[in-house]
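> this one's sequence-less:
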C-alpha cells in the first residue's frame, strides 16, 4: 500500500512470534506503507520453541528498508520509530561480539518447568512472587528462561557474572542493535516488557534484587527500565532509519491495547494472534487477581504514573489453526478453515482443547496437554474445523469471566484485533458465546499502531492521548444471536472438556 508523500510520518517495528513487520503511519493513524517477513520456528524437543535472534534482527532491517522504499520515504520523513515485540522471549548475547550465546527461548517454551517447581518449593508455590510481580511462577515468563540459559549453556554463568553478557526481551535486542550494537548500543527495555520477566517489582518499577538473587541472575545483565513513551536513543548513522529517534517501546499486547484506545478504566481489548491476549485497563491502581489472571503494566507515558491492567493470556489460538493445517493436513492454508467450518451447522459434539504447552489463564496448568473429546462416527473434518475455531472463543469467555470476577466490571462490548478477526464465522461465534457485541476497528494492525502512537507522543507528533481516541473508528460489529440456553450448554460442555486435559504430564516426563 502506498500513499503520496506528505510527511512527516511515524514508523513502527512489530517483531512478533511468527514474523517481523514495519509499518508507517500518518497523523490520522492510517497505514502509509508496510512490509513483513516470516522467520523460522525451531522445535528441537517436545515443549521447546526457539528463534534465531540474529535472523530477527536481519529481518527487522529488511522490512524497515522495504517499508520506506515502498512509499518512497527516507529517514528524514520519519519523526520517530516505535518498537513492539513478542514479550517473554529471552535473548542473551555477548556485549563485545554482539552474538547471541544461544537460540532465543520463546514465550511458548516449557523447558523451565523444573526451575519453576524448584523455586515454588522454597515457599509459596506458584504464588511465591505474585505479590511483587503480579505473576505466577510459570514457564511463560522470561526470568526462568534466562536462568535456564545461564545453567545450561557452557560458560554462560561465569561470563554473565564477569559482565560480558547482556539479557533482554526482543525489544532490548533490537534497540541495542539499532543504536549501535557493540559500538555503544543502548541497553534498555520498557516497563511493560520488564513486567513480564518475573523480575520487576510492580510498585517500584525496578528490578527486584531479592528475586534476581533467588533465580541466580546477575543484575548487571539486565537492561535499564524506561517508560513506554520517551526517547531512549537514536538509530545509528548507517542504516535506513539513521538519525531517527527511538521513542516508544511496548510489549505487543500492551501496544494493541494502546492502539485500540483502551485508555480509560474498564475498557478492554482482545488480540487474536498466535495466542489470544485480553487486557482490561484498571488505571493507576493495580488490581491483584484471585481468578488466574495476570496483573501487569499496561503502559507508562514519560514521567506520568504507570497504568496497570489485568490480562488473560491464552497460549494457543491462531497456532491451533496452523497445527490443524500443517500437522494434520486438514486445510491447505489458514484462510480455508472458515469455508470448511461453515460446511456444517455446529461442532457435532466435538471439542478441541489446545493445551499444547499446558494451559495459561485462568488455569495455569503446566501438566495439561491437548485433547479432542466428544468424538463419534458422526464427526467430520468440518465439525473439527468448527471445533478448532470455537476453541478460541471458549477460551476467551473463560478469561472474560475471570476478569469480571476480579474487577467487578461488566463489559458491554469487546474490541478485537489481530489476524483471526478476518474470520467472520469466528467473530460471530465469539459474540454469541460472550453475549456481547464484538467490534473490529478500521485499522486492525493495532499492535504496530500502538507502538507508533507511543513514539509519536514522545516527540510531539501527536499532542495527547485524546488524538488516539479521536483516530479510533469501528469497521465491523458482530452482535450476539445465540439463545441463552444453548450458550450455557455449549460453555458447560467446553469446561467439561478442559478438565480432561489435566494431570497428563508426569514428573518424570
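Yep, it's here. Worth saying up front: this structure is predicted, and the values here are computed from it rather than measured. Residues are numbered from 1 along each chain as shown.
> contacts, neighbours, all on C-alpha from now
Noted.
> And stretch 189-209, what's buried?
Going by neighbour count (16 or more other C-alpha atoms under 10 Å), the buried part of stretch 189-209 is 189-202, 205-208.
> Return the subset of those residues lying in helices.
Among these, the members found in helices (DSSP state H) are 191-194.
> Tabulate those residues (a markdown table), appending pLDDT and distance to residue 497.
Supplementary listing: these in a markdown table, determined by pLDDT from 0 to 100; distance: C-alpha to C-alpha, whole Å:
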| residue | pLDDT | distance to residue 497 |
| --- | --- | --- |
| 191 | 97 | 37 |
| 192 | 97 | 34 |
| 193 | 97 | 33 |
| 194 | 97 | 35 |
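> Same list (those residues) but as CSV, adding distance to residue 266.
Shown next, in CSV, are those (distance: C-alpha to C-alpha, whole Å):
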residue, distance to residue 266
191, 21
192, 19
193, 22
194, 23
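> what about stretch 174-185, average pLDDT?
When pLDDT is averaged along stretch 174-185, the result is 96.
> From the chain's centre, how far out is it? Work that out for me.
Its chain's average C-alpha position is 24 Å from that of stretch 174-185, according to C-alpha atoms, centre = their mean, to the nearest Å.
> Can you get me the start-to-end distance on it?
Taking C-alpha to C-alpha, to the nearest Å, the span from the opening residue of stretch 174-185 to its closing residue is 10 Å.
> do stretch 15-26 as well
For stretch 15-26, the separation between the terminal residues is 20 Å (C-alpha to C-alpha).
> could you pull out the helices for the stretch 301-450 of the chain?
Remark: helices assigned in the stretch 301-450 of the chain by DSSP state H, counting those that start in this stretch are 318-326, 337-341, 381-407, 424-434, 446-458.
> How about the fourth one, which residues are buried there?
To tie it back to what came earlier, the one meant is helix 424-434. If you call a residue buried by 16+ other C-alpha under 10 Å, then helix 424-434 has these buried ones: 425-434.
> any idea which of these is the one closest to residue 444?
Within those, distances to residue 444 taken as C-alpha to C-alpha reach their minimum at residue 427, with 13.7 Å.
> Verify the stated contact: residue 273 with residue 422.
No. Taking contact to mean C-alpha atoms under 8 Å, the distance of 11.3 Å between residue 273 and residue 422 leaves them out of contact.
> per-residue confidence at the residue lying farthest from the centre of the chain?
Relative to the centre of the chain, and counting by C-alpha atoms, centre = their mean, the farthest-placed residue is residue 377 at 38.1 Å. With respect to pLDDT, residue 377 scores 95.
> Low-confidence regions, the stretch 351-500 of the chain specifically.
Per-residue confidence of the stretch 351-500 of the chain (counting by pLDDT under 70) places no residue in a weak region.
> let's see 90
Low-confidence segments of the stretch 351-500 of the chain, defined by pLDDT under 90: 357-358, 360-361, 364-367, 407-413, 417-419, 442-445.
> Could you do the stretch 1-150 of the chain as well?
Low-confidence segments of the stretch 1-150 of the chain, defined by pLDDT under 90: 1-7, 46-47, 126.
> any idea where the strands of it begin and end?
If you assign secondary structure with DSSP state E, counting those that start in this stretch, the strands in the stretch 1-150 of the chain sit at 9-15, 19-25, 31-38, 50-51, 78-85, 91-94, 104-105.
> Now for residue 206: which residues touch it?
Residues near residue 206 by C-alpha atoms under 8 Å, 6 or more residues apart in numbering: 200, 225.
> Could you count how many residues lie near the nearest residue to residue 344 once chain neighbours are set aside?
Counting by C-alpha to C-alpha, 6 or more residues apart in numbering, residue 382 is the residue found nearest to residue 344 once chain neighbours are left out, at 6.0 Å. Using other C-alpha atoms under 10 Å, the number of residues around residue 382 comes to 22.
> The chain should start at 31 in everything you say after this.
Happy to do that; since the first residue is 31 now, the last one works out to residue 412.
> Could I get the contacting residues of residue 412?
Under the criterion of C-alpha under 8 Å, 6+ apart, the contact list for residue 412 reads 370-374, 377.
> and if you look at residue 113?
The contact partners of residue 113, by C-alpha under 8 Å, 6+ apart, come to 42-45, 201, 276, 278-280, 478, 481-482.
> ok, now how distant is the residue nearest to residue 374 from residue 525?
When distance is defined by C-alpha to C-alpha, residue 412 is 22 Å away from residue 525.
> cool, residue 266 as well?
As judged by C-alpha to C-alpha, residue 266 and residue 525 stand 52 Å apart.
> Neighbour count for those two, which is higher?
Taking residue 266 and residue 525 together and counting by other C-alpha under 10 Å, residue 266 has the greater number of neighbours (20 against 15).
> picking that back up, okay if I get the buried residues of helix 454-464 as TSV plus distance to residue 416?
Converted to TSV, the buried residues of helix 454-464 look like this (distance: C-alpha to C-alpha, whole Å):
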residue	distance to residue 416
455	9
456	9
457	12
458	12
459	10
460	12
461	15
462	14
463	14
464	17
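> Give me the phi and psi angles of the residue nearest to residue 292 when sequence neighbours are not counted.
Once its chain neighbours are removed from consideration, residue 292 has its nearest residue in residue 298; the separation is 6.1 Å (C-alpha to C-alpha, 6+ apart). Here the main-chain torsion angles of residue 298 (degrees, to the nearest 10) amount to phi -140, psi 160.
> List the residues that contact residue 298.
Residues counted as contacts of residue 298 (C-alpha under 8 Å, 6+ apart) are 287, 292, 308-311, 441, 444-445.
> rerun that using 10 Å as the cut-off
287, 290-292, 308-312, 339-341, 430, 433, 441, 443-446 (C-alpha atoms under 10 Å, 6 or more residues apart in numbering).
> pretty sure residue 523 is in a helix, no?
Yes. The assignment for residue 523 (DSSP: H, G, I helix; E, B strand; the rest coil) places it in a helix.
> What's the local residue count around it?
The local packing of residue 523 (other C-alpha under 10 Å) involves 14 other residues.
> surely it meets residue 404?
Yes. Assessed by C-alpha atoms under 10 Å, residue 523 is found in contact with residue 404 at 9.4 Å.
> Can you check which residues contact both of the two?
379-381.
> now residue 69: how far from residue 365?
20 Å.
> ok, those two, which is more surrounded?
For residue 69 versus residue 365, the count of surrounding residues by other C-alpha under 10 Å is larger for residue 69: 17 against 13.
> List the contacts of the more buried one.
The neighbours of residue 69, taking C-alpha under 10 Å, 6+ apart as the test, are 46-50, 81-83, 85-86, 88-89.
> let's go with 8 Å and repeat that
Taking C-alpha under 8 Å, 6+ apart as the definition of contact, the neighbours of residue 69 are 48-50, 81, 85-86, 89.
> do the same with residue 344
Contact criterion C-alpha under 8 Å, 6+ apart gives 305-307, 389-391, 425-426 as the residues in contact with residue 344.
> Hmm, residue 477 is touching residue 299, no?
No. Residue 477 sits out of contact with residue 299 when judged by C-alpha under 8 Å, with a separation of 11.4 Å.
> who touches both of the two?
Here residue 477 and residue 299 have 286-287 as joint contacts, going by C-alpha under 8 Å, 6+ apart.
> mind giving me TSV with the shared contacts of residue 523 and residue 404 and columns for neighbour count and distance to residue 103?
TSV is the format used below for the shared contacts of residue 523 and residue 404 (neighbours: other C-alpha atoms under 10 Å; distance: C-alpha to C-alpha, whole Å):
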residue	neighbour count	distance to residue 103
379	16	54
380	23	51
381	28	49
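> now the residues you listed as TSV including distance to residue 134?
Below are the shared contacts of residue 523 and residue 404 laid out as TSV (distance: C-alpha to C-alpha, whole Å):
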residue	distance to residue 134
379	40
380	36
381	33
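> Just the closest of the residues you listed to residue 516, please.
So of the shared contacts of residue 523 and residue 404, ranked by how close each gets to residue 516 (C-alpha to C-alpha), first place is residue 379, at 12.7 Å.
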